[in-house]
Structure formats: C-alpha cells, structure tokens
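# what follows is a predicted structure for the sequence shown.
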Amino acid sequence: MWQDLAAGPGLGAQLSDSLQAYEGFLALDAGQGFAFLGGAIDDVECQGVGAGFAVRKEDSALRDALSKAIGDIRADGTYKVMNDKYFAVDIYGN
C-alpha cells in the first residue's frame with residue numbers, strides 16, 4: 001500500500017500500525033509529504049491488546065522477570081529516554 005500512496009493520486013490514506021508506518025514509509029524519502037492524521041485507534045476487539053513478544057508457556061519465571069524489568073524502566077523514566085532516542089512513536093502504547 002505504501003507504494004500506492006507514493007505513486008499518488010489514487011490512494012489517499014492508509015490505516016496501519018504506527019511504528020510500521022513510520023519506519024517503513026514516513027521516515028523514508030518516499031514518505032515525504034505524508035504524515036499521521038488524527039489520533040491513535042485503540043480498538044481491542046479489532047487489534048487485540050497490543051504488541052508483545054513470545055515466551056514459552058512453561059517459562060513463567062522469564063515472563064515475570066521481563067514484565068518486572070519493563071515495569072521498572074517505565075517507572076523510572078529509562079523507557080521514555082530509550083524510546084525517544086530510537087523511535088518517533090511510543091512503541092509500548094497505553
């Protein structure tokens with residue numbers, strides 16, 4: 001779809017994951033002149049509860065350690081510093 005947007009004038013908009021849209025199109029030369037419009041769409045029925053990563057079901061210790069580490073860096077501000085350095089959008093979401 002991004003090629004269709006860049007080719008103009010047929011396709012005028014696209015609904016996409018914000019990180020993929022930014023990294024895969026908006027940050028590239030072909031994406032110049034395009035921008036995010038409106039706010040984020042957070043529809044759990046349509047999109048689920050957000051992005052994540054997989055951990056083996058039986059590895060609850062690893063899952064808990066990762067969840068704690070993410071919670072810790074979000075609480076002390078480290079997450080925001082890292083996110084702002086590497087991404088144009090909040091990759092964690094709400």
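The structure has been received and is ready for your questions.
# tell me the pLDDT at the residue of the chain most remote from its centre?
The C-alpha centroid of the chain is most remote from Glu58, which lies 27.5 Å away (Cα atoms, centre = their mean). We have a pLDDT of 95 for Glu58.
# so where's this structure shaky on pLDDT?
Counting by pLDDT under 70, the ranges of the chain that qualify are 1, 49-51, 93-94.
# ok, the residue farthest from the centre of the chain - contacts?
Listed by Cβ atoms under 8 Å, 6 or more residues apart in numbering, the contact set of Glu58 is empty. Using the backbone N, CA and C atoms, a C-beta is placed for each residue, glycine as well.
# also Leu26?
Neighbouring residues of Leu26 by Cβ under 8 Å, 6+ apart: Phe34, Ala35, Phe36, Ala88.
# for the second one, which non-adjacent residue is spatially closest?
What it means is Ala35. Leu26 (7.0 Å; Cβ to Cβ, 6 or more residues apart in numbering).
# from Phe34, how far off is that neighbour?
6 Å (Cβ to Cβ, to the nearest Å).
# before we move on, back to that, just the buried ones from the contacts of Leu26?
Neighbour counting with 16 or more other Cβ atoms under 10 Å marks Phe34 as buried within the contacts of Leu26.
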